[in-house]
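Participant: Need coordinates for the below:
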Amino acid sequence: MEHVGEEDPFEKDCMSGFGMLALFQCQVEYHFSTEDMSLEEAELFIQDVLNHLPDETINEICKKACDWKNLKMSSDSADYPSGLAEACGREILAFMSVGEVDLYRNPYDRNDNTFGATLGGGTEWDSENGMEIVIRGNKVLEVREYLGYGKFAIWNETDGNE
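Facilitator: The predicted model follows:
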């Protein structure tokens, strides 16, 4: 990451920095809490997991995005860009954008080394609500309109050591 620093002088544990997101071939702003992970852990997760997603994970993101797109397009009559209706598989990525990625550690199990992320951005089929891709490790949990639940979209209380 580049230009890493505190987001707010009053919240010293909130850090952000800029870096590449391979899936969308763009620069994004990464956010994380130093209470949840170190800079080194954040950079390793970005480098080793987010920027090296296996084909199955990318295909799952695309499938969930296409399902959402098809549902949205069938329920309204908005003007959509040319080619969107026919887009399937990885073609759908051209109609999506990501600008921010929030990184998280399991709040219920501090020893869990599988990090999670929400990739926030927008889509050509739902410009009103924004988009988030919710990932734990390299498993896709959701591709949907932006809800902003953060780490609570990734884990629930049953994901901790009981």
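Participant: Show me what counts as buried in the helix or strand containing residue 43.
Facilitator: Assigned by DSSP states H and E, residue 43 belongs to helix 39-48. Neighbour counts over helix 39-48 (16 or more other Cβ atoms under 10 Å) mark 41-43, 45-46 as buried. For glycine as for every other residue, the C-beta is placed from the backbone atoms N, C-alpha and C.
Participant: Make TSV out of those and add distance to residue 146 and pLDDT.
Facilitator: Converted to TSV, those look like this (distance: Cβ to Cβ, whole Å; pLDDT from 0 to 100):
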residue	distance to residue 146	pLDDT
41	25	95
42	22	95
43	25	96
45	21	96
46	21	97
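Participant: what about the protein, any weak spots by pLDDT?
Facilitator: Residue ranges of the chain with pLDDT under 70: 1-3, 5-11, 160-162.
Participant: mind giving me CSV with the buried residues of helix 39-48 and columns for distance to residue 91?
Facilitator: Listed next are the buried residues of helix 39-48 as CSV, based on distance: Cβ to Cβ, whole Å:
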residue, distance to residue 91
41, 34
42, 31
43, 31
45, 28
46, 25
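Participant: which residue packs closest to residue 112, ignoring adjacent ones?
Facilitator: In space, residue 112 comes closest to residue 106 once its chain neighbours are excluded; the distance is 3.9 Å by Cβ to Cβ, 6 or more residues apart in numbering.
Participant: Quick one: residues contacting the one you found.
Facilitator: 112, 114, 116, 151, 154-155, 159-160 (Cβ atoms under 8 Å, 6 or more residues apart in numbering).
Participant: Which of the residues you listed sits closest to residue 141?
Facilitator: residue 154 (6.5 Å; Cβ to Cβ).
Participant: Assess the claim that that closest one and residue 119 are in contact.
Facilitator: No: look at residue 154 against residue 119 with Cβ atoms under 8 Å: they stay out of range, at 11.9 Å.
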